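J.: Next comes the sequence, and after it the predicted model I'd like to discuss.
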Amino acid sequence: MQFGLSEEQILLLDNVNRFLDDNSPLDRVRAYADGGDDADIWAGLTELGVPALLIPEAQGGIGLNPLDAAIVAESLGAHITPSPFLGTAVMAPTALVASGGKYDDLLAEIAAGTHRVGIAFSEAIKRRNDAQVEARDGRLFGKSLFAFDADADSYLVADQKQHLYLVAADDPGLTRTHLTTVDKTRRTVELTYDNAAAQSVSTDVRVFESVLDIGRVAIAADTMGAAQNMLDQAVEYAKQREQFNRPIGSFQAVKHMCAEMAAQLEPCRSMVWFAGHALAELPEEARVTACHTKAHLAEVAQFVAKTATEVHGGMGFTDLVGLHYWFKRCGANRQWLGAPEFVRQEAAVLQGLTD
């Protein structure tokens, strides 16, 4: 039994990393955060086949598995890359493929990089008292907060019954309101539905759950990539920054900080890989594993982000270093698709530990 990535997966990771090293450096991320777009980055990722990862070959895709998507997500997180990957390449294809051929043409457009699908799942995960998404006769009413991808061509929307619908972004009944969050590497919107036309994708709660699970694993992988990059930056800074005529990395306290970050983060890699594997090969373990992985990475990344910033001292808070982009990415990922406390409660219910 092989515990690790295959040669093909290593090649995929190397190709994505090389592209992002050249095309998504910190200055490019800053440009996006200041109001730019991600069209050039997404076009390059499309040439690498990223939008087509989870789409079957019959629909113009590559037909890979969730572990491959997690590998790409880790690289995107490490580079804090602005992209619609989570919705367009991961969650939406999972839902559309499950429709049984109904959306083959749309899947082909996604694989070709010509159609972006946003995700609006907030009301299905934990509905607020003052808002809901209701479907009636092929029409949607209500609101969704924190929908992914402000530039999407359509949105995969989940109502409070966890039924899935597809809504065109240019539908006259849909209003998008941009939201300000701590993470400027992703743009989120509030969607308001006022008699918006909606195509039914699935009324099977199991489909919603499978889409949510793979989304949580992808976010966990993204978080791991961001945390690893913060750790690498902290170690490199500790080697260069000098106090009392010696690098600060030579001081025992700083050594312990870096070692503790590495000790907590390294086991997370196998956890993410197993979660991706379970989604494809171990369906009976997939949901619980996705919950635990998402929750645990959120906690570890919070510690790494805090400690890496401390190693940088005052420099860690400046835009010159840019460490705050990774810090905020980890913070936003902590909340997307369920905060750790909520996700652990869900896992406890799944395991029969509580009602």
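T.: All right, it came through fine. Numbers count the residues shown, from 1 in each chain.
J.: Going by C-alpha atoms from here, please, whenever you check contacts or count neighbours.
T.: Noted.
J.: Tell me the secondary structure at I41.
T.: helix (DSSP: H, G, I helix; E, B strand; the rest coil).
J.: roughly how far apart are the nearest residue to G63 once chain neighbours are set aside and N65?
T.: Leaving aside its chain neighbours, G63 sits nearest to P56 (4.2 Å; criterion: CA to CA, 6 or more residues apart in numbering). Distance from P56 to N65, counting by CA to CA, to the nearest Å: 10 Å.
J.: now swap in I110 and tell me
T.: To N65, I110 is 17 Å away according to CA to CA.
J.: With neighbour numbers in mind, choose between the two.
T.: I110 (24 against 17; other CA atoms under 10 Å).
J.: from what I can see that one touches F85, true?
T.: No: I110 sits out of contact with F85 when judged by CA atoms under 8 Å, with a separation of 10.8 Å.
J.: anything in contact with each of these two?
T.: Residues touching both I110 and F85 (CA atoms under 8 Å, 6 or more residues apart in numbering) are P51.
J.: one step back: what is the burial count for the residue nearest to G63?
T.: For P56, the count of nearby residues is 19 (other CA under 10 Å).
J.: same deal with A92?
T.: So A92, with other CA under 10 Å, has 26 neighbours.
J.: part of a helix, is it?
T.: Yes: per three-state DSSP, A92 lies within a helix segment.
J.: wait, what's in contact with it?
T.: So A92 contacts V117, G118, I119, L156, V211 (CA under 8 Å, 6+ apart).
J.: Let me know the pLDDT of the spatially most central residue of the chain.
T.: Nearest to the geometric centre of the chain sits I219, at 3.4 Å (CA atoms, centre = their mean). The model reports I219 with a pLDDT of 97.
J.: all helices of this protein, in order?
T.: Secondary structure of the chain (DSSP state H): helices located at 7-23, 26-33, 39-47, 66-78, 92-97, 104-111, 122-125, 205-240, 252-281, 283-311, 323-335, 340-350.
J.: Give me the buried positions along the longest one.
T.: Residues of helix 205-240 classed as buried by neighbour count (16 or more other CA atoms under 10 Å): 207-208, 210-231, 233-235, 237-238.
J.: circling back: mind checking the helices of the chain for the one nearest to R187?
T.: Smallest distance to R187 across the helices of the chain (CA to CA): 9.1 Å, for helix 26-33.
J.: sorry, back to before: got the phi and psi for the residue nearest to G63?
T.: Backbone geometry at P56, expressed as degrees, to the nearest 10, gives phi -60, psi 150.
J.: That one and L107: what is the separation?
T.: According to CA to CA, P56 stands 9 Å off from L107.
J.: Okay, now the unreliable bits of the stretch 251-355 of the chain?
T.: Along the stretch 251-355 of the chain, the parts satisfying pLDDT under 70 run over 316.
J.: before we move on, back to that, let me know the closest of the contacts of A92 to S144.
T.: Relative to S144, the closest of the contacts of A92 is I119; by CA to CA it sits at 9.7 Å.
J.: Need the pLDDT of the closest one.
T.: Confidence score, pLDDT, at I119: 96.
J.: Next, the contact list for it, please.
T.: With CA under 8 Å, 6+ apart, I119 has these contacts: G87, M91, A92, A147, F148, D149, Y155, L156, V157.
J.: Let's see if you can find the most crowded of these.
T.: When neighbours are counted by other CA under 10 Å, V157 leads the contacts of I119 with 28 neighbours.
J.: right, and that residue touches L166 too?
T.: Yes: look at V157 against L166 with CA under 8 Å: they come within range, at 6.1 Å.
J.: for the closest residue to A339 other than its chain neighbours, what are its contacts?
T.: Once flanking residues are discounted, A339 sits nearest to A295: 7.1 Å by CA to CA, 6+ apart. Residues near A295 by CA under 8 Å, 6+ apart: R334, A339, P340, E341, V343, R344.
J.: same thing but at 10 Å, please
T.: 216, 220, 289, 334-335, 338-344, 347 (CA atoms under 10 Å, 6 or more residues apart in numbering).
J.: how is the protein carved up into domains?
T.: Listed domain ranges for the chain are 7-111, 117-203, 206-350 (source: automatic domain parsing).
J.: Quick one: end-to-end length of the last one, please.
T.: Yep, that's domain 206-350 we're talking about. 14 Å.
J.: Equivalent analysis for the first one, please.
T.: In terms of CA to CA, the two terminal residues of domain 7-111 are separated by 23 Å.
J.: Please state the offset of that domain from the chain centre?
T.: With CA atoms, centre = their mean, to the nearest Å as the basis, domain 7-111 stands 11 Å off its chain's centre.
J.: average pLDDT across it?
T.: 95.
J.: ok, now which ones touch T81?
T.: T81 sits next to 20, 23-26, 28-29, 32, 38, 41-42, 73, 75, 185-186, 222, 226, 329 when contact means CA under 10 Å, 6+ apart.
J.: Could you do A301 as well?
T.: Counting by CA under 10 Å, 6+ apart, A301 makes contact with 220, 223-228, 230-231, 261, 264-265, 268, 307, 326-327, 329-331, 333-334.
J.: Verify the contact between H292 and E346 for me.
T.: Yes: distance between H292 and E346: 9.5 Å, which falls inside the contact criterion (CA atoms under 10 Å).
J.: that older thread, kindly indicate which of the contacts of A92 lies nearest L320.
T.: Of all these, L320 sits closest to G118, with 31.6 Å by CA to CA.
J.: That closest one reaches Y165, doesn't it?
T.: No: under the criterion of CA under 10 Å, G118 is not in contact with Y165, lying 11.6 Å apart.
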